[in-house]
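Engineer: Compute the structure for the input listed below.
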Amino acid sequence: MTRIGEKRNIDALLLALLRTELANRRTLLAYIKTSLGIGITAIGLLKFTDEQSIYAMLGLLLVPVSFVILAVGIVDYIMTKKKIEDEKKDAEV
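Structural biologist: Model prediction:
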């Protein structure tokens, strides 16, 4: 009887880790999508506005912001992935 309970606990842990891994991937994709959206907006502002316009300056400001958001997303993904791997090792899964 205890083996069935242990198996259910292990299965629940495996499913929880899998959900966490998938959530981590979705979060990375959200960061990438946000970065691309801001980057495309910046390029559009630079391409279709006058060089002396405030919108062109805003476009110049948004280019590095998009790279920063991408970098934050990648770092967050790597750190969270490492925590998940550590949890797997601790649980011996």
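
Engineer: Okay, now the unreliable bits of this protein?
Structural biologist: 1-7, 93 (pLDDT under 70).

Engineer: Just give the closest residue to the residue nearest the centre of the chain, not the sequence neighbours.
Structural biologist: The centre of the chain sits closest to residue 28, judged by C-alpha atoms, centre = their mean, with a distance of 1.9 Å. Nearest residue to residue 28, sequence neighbours excluded (C-beta to C-beta, 6 or more residues apart in numbering): residue 77, at 4.2 Å. For every residue, glycine as well, the C-beta is placed using N, CA and C.

Engineer: Next one: the one you found from residue 47, what distance?
Structural biologist: Going from residue 77 to residue 47 by C-beta to C-beta, to the nearest Å gives 31 Å.

Engineer: Kindly report the same for residue 34.
Structural biologist: Distance, residue 34 to residue 47, by C-beta to C-beta: 20 Å.

Engineer: neighbour count winner among those two?
Structural biologist: Ranked by neighbour count (other C-beta atoms under 10 Å), residue 34 and residue 47 place residue 34 first, with 15 against 9.

Engineer: Does that one fall in a helix, a strand, or a coil region?
Structural biologist: In three-state terms, and counting by DSSP: H, G, I helix; E, B strand; the rest coil, residue 34 is helix.
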